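[1] let me see the structure of the following:
(2 chains)
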Amino acid sequence: MALNEQQLQRRESLTKLRALGIDPYPPEEFPITGTSKQLKAQFDESPEEHLEVSFAGRIMVRRIQGKASFAVLQDEVGRIQIYLNRDEICPTEDKTYYNDVFKKLLDIGDIIGVKGHMFKTQTGETSIHVKSYTILCKSLNPLPMPKEVDGKTFDAFTDPEARYRMRYVDLLVNPKVKQTFIARTKTIRSMRNFLENKGYLEVETPILQSIPGGAAARPFITHHNALDIPLYLRIANELYLKRLIVGGFEGVFEFAKDFRNEGMDKTHNPEFTQMELYVAYKDYKWMMNTTEEMLRSICLEVTGSEVLRFGDVEIDFSKPFERLPIFEGIKRYTGHDLTGKSEDEVRAIAKELHVPVDETMGLGKLIDEIFGEKCEHHLIQPTFLMDYPVEMSPLTKKHRDNPALTERFELIINKKEMANCYSELNDPIDQRERFEDQVKLLERGDDEGMFLDQDFLRALEYGMPPTSGIGIGIDRLVMLLTNNESIQEVLFFPQMRPEKVTQPDSNDKFTAIGVPEEWVDHLKEMGFITVNILRKEDNAGKLSQTLNGYRKKKKLEIKALSPQDVETWLG
RNA sequence: GAUUCAGUAGCUCAGCUGGUAGAGCAUUUCCCUUUUAAGGAAGUGGUCCUGGGUUCGAGUCCCAGCUGGAUCACCA
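    Below you'll find the predicted structure:
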């Protein structure tokens, strides 16, 4: 990457600092007496006391007023203004530390430590009166400069691509982003506390699996060299947690990063987080109550209220969640009762409703399509959508009242699937048959079919108690709680197509076309990192001037270049 | 994967039917000892995403590509 003017200036400042004997990246610790928030609170509590402080932060604003200066330092929790006076910073005749170092060699984005005392300015802002400062880190790239006036932000750093690729910059200049990720951590902590208080055990299960099971999704595949076998990144941890239930644990959960090799959009990232919970001797009805209780308390802990604003809708966790059998939902929103209807009858109804269907769709898929097209968008408030057709749920117990259905629910909030729960199938013979059906799907080329996991079946044959299990999409829950429309906003580093970077040519390649050795590194510094980039310059006169200008500016002790020299490089 | 919109200075953005590339902030220089939407004055800074094409002339029009966003498809 070619360095721009500001980057070159900062590098120059760096060498000047070193020339002054200042280490721009010192190794010593810099002890502080408090965060920006603490120092301000401490002073404001008893402003009459002389409060000596030590503080470190990143320079975000600088206002130089001749012999006095103000700056704003930012730490993890906020910002604090500092005041510097030339003759206090430099009590002797030597004013370098103020006139040169502070005013010229420091930049917005640099990290400094300051010592001084707290005071209030004439305009009433609690600030640090600095007696001495230490450079802790010189920053070589300029930060974007959003301005905030009366809570309104101007010139905000908004380009999504830049924000996601350079989350570190995003976090520095967009305070809301930091709040989102703090809320994410709070959400997970709140859920973990809830589950631990219930007595369930947090466990870890394999991420590298030789049989990717527990969901229908395309996996990422990798290879283990020593065993010389393919391994898959897990798409779910369901089958492992159930093995633990077989092994005698009665409540286990895991916050699991899962990986699915599918498309990406506002609600899907190739790696995402799911919390899966399995509890023995329970059914899906029990799980509805538990889920409801858990989400209500998480919402309260994270947002301070059981009622949540998301965009322009209000989502109420305080009331009991609706429990809506899928057939009832369809009846409510389309007027058609599908109970007991055959595949052909349902297909005809779908066509009548203008739901796009084709002949390959089975009964389960048809019902799912109708619901998705005609009903799902009505479900804003938390709703347990329950009793799915058996075809779509190969790991779920058949419904106690209707063998065509399963004991399964999905939790829908604001039109989005948040959680998926079953009364887990524990009949090993039934499970084997359902796996075999899935294998047939695979053999037909349906890449969503499930693999047959012999060891899991063997475990079930030893006997798994009746169990209810749930998977909750953590990313989507955090989106909801933080009022974010996109999953990329709740992942620190969402998946992006890799940036293309040009690898610099070796120095040999430059000397081979006649560039003097002492010039090569400087050319690279100026952005001519490959011979091809250099040769894009067609005006040797202009190029030699540019290079000599750089030589002069940096006061380089090397030979100046003639246009003829440069002409030969360009070939 | 399809459609569509976008890509111009470090950041946020203007740029008309094609005619020499603009602003604010940042940055540089000078002045200023309590400022705070950064005080005054003067400057610097651009492969207009890339590559082709049309044209006397392309940031602007056409084609292809790259990257991102949105919508759709896919996603138990």
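
[2] how much space between A:Leu136 and A:Phe55?
    11 Å (C-beta to C-beta, to the nearest Å). Every C-beta, even on glycine, is put in place using the N, C-alpha and C of the backbone.

[3] same drill for those two, tell me which one is more crowded.
    A:Phe55 (25 against 19; other C-beta atoms under 10 Å).

[4] output the longest strand belonging to chain A.
    The residue-count maximum for a strand in chain A (DSSP state E) belongs to strand A:52-65.

[5] pLDDT averaged over it - what is it?
    Here strand A:52-65 scores 94 as its mean pLDDT.

[6] give me the pLDDT for the closest residue to A:Glu271 other than its chain neighbours.
    Distances taken as C-beta to C-beta, 6 or more residues apart in numbering put A:Phe259 closest to A:Glu271, at 5.0 Å, once the chain neighbours are dropped. Predicted confidence (pLDDT) for A:Phe259: 93.

[7] again, but for the one 5 residues further on
    In the predicted model, A:Met264 carries a pLDDT score of 89.

[8] and for A:Val346?
    86.

[9] quick check, it in a strand?
    No. Read with DSSP: H, G, I helix; E, B strand; the rest coil, A:Val346 is helix and lies in no strand.

[10] who in the stretch 251-400 of chain A is up against RNA strand B?
    A:260, A:262-263, A:265-268, A:274, A:392-393 (C-beta under 7 Å from any atom of the strand).

[11] joint contacts of A:Leu136 and A:Phe55?
    Taking C-beta atoms under 8 Å, 6 or more residues apart in numbering as the contact rule, A:Leu136 and A:Phe55 both touch A:Gly113.

[12] contacts only, for A:Thr33.
    A:39, A:52-55.

[13] which residues of the stretch 301-450 of chain A score low on pLDDT?
    Along the stretch 301-450 of chain A, segments meeting pLDDT under 70 span A:360, A:444-449.

[14] could you rerun that using 90?
    Using pLDDT under 90 as the threshold, the predicted model of the stretch 301-450 of chain A has low-confidence ranges A:311-313, A:333-378, A:388-395, A:402-405, A:415-416, A:434-450.

[15] nearest to RNA strand B: which residue in it?
    Taking C-beta to the nearest atom of the strand, RNA strand B has its nearest neighbour within the stretch 301-450 of chain A at A:Met392, 4.1 Å off.

[16] ok, residues contacting stretch A:209-218?
    So stretch A:209-218 is in contact with A:219, A:229-240, A:258, A:260-262, A:395, A:438, A:447-453, A:456, going by C-beta under 8 Å, 6+ apart.

[17] those residues in strands, which ones?
    Cross-referencing those against strands under DSSP E gives A:229-233, A:258.

[18] ok so, going back, look up the closest residue to the residue of the stretch 301-450 of chain A closest to RNA strand B, ignoring the ones flanking it.
    Among residues not flanking A:Met392 along the chain, A:Gly364 sits closest, at 4.0 Å (C-beta to C-beta, 6+ apart).

[19] so who does that neighbour touch?
    Here A:Gly364 is in contact with A:388-392 (C-beta under 8 Å, 6+ apart).

[20] mind listing the strands the longest strand of chain A pairs with, and their directions?
    Taking DSSP bridges as the criterion, strand A:52-65 pairs within the sheet with strand A:68-74 (antiparallel), strand A:111-120 (antiparallel).

[21] give me the buried positions along the shortest one.
    Across strand A:68-74, burial judged by 16 or more other C-beta atoms under 10 Å covers A:69-74.

[22] which strands or helices does the helix or strand containing A:Met191 pack on?
    Using DSSP states H and E, A:Met191 falls within helix A:175-197. Judged by 3 or more C-beta pairs under 8 Å, 6 or more residues apart in numbering; DSSP states H and E, the packing partners of helix A:175-197 are helix A:167-173, strand A:201-202, strand A:251-259, strand A:271-280, helix A:284-303, helix A:474-482.

[23] quick revisit: which of the contacts of A:Thr33 are buried, as a ChimeraX select command?
    Buried subset of those, written as a ChimeraX selection, criterion 16+ other C-beta under 10 Å:
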select /A:39,53,54,55
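
[24] quick one: residues contacting the residue nearest to A:Glu271.
    A:219-220, A:233-235, A:270-271.

[25] do you know which of the strands paired with strand A:52-65 lies nearest RNA strand B?
    Across those, closest to RNA strand B is strand A:68-74 (C-beta to the nearest atom of the strand), at 3.5 Å.

[26] just the C-alphas of the closest one, formatted as PDB.
    Provided in PDB are the C-alpha atoms of strand A:68-74 (Å, rounded to 0.1, in the frame of the first residue of the first chain):
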ATOM      1  CA  ALA A  68      -1.800  26.400  26.500                       C
ATOM      2  CA  SER A  69      -3.500  23.400  25.000                       C
ATOM      3  CA  PHE A  70      -6.500  21.200  25.600                       C
ATOM      4  CA  ALA A  71      -6.800  17.600  24.500                       C
ATOM      5  CA  VAL A  72      -9.300  14.900  25.100                       C
ATOM      6  CA  LEU A  73      -8.100  11.400  26.100                       C
ATOM      7  CA  GLN A  74     -10.200   8.300  25.600                       C
END
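
[27] and RNA strand B, is it touching that?
    Yes. Where contact is defined by C-beta under 7 Å from any atom of the strand, part of strand A:68-74 touches RNA strand B, namely A:68, A:70.

[28] state the mean pLDDT of that strand.
    The model assigns strand A:68-74 a mean pLDDT of 94.

[29] and for stretch A:12-25?
    93.
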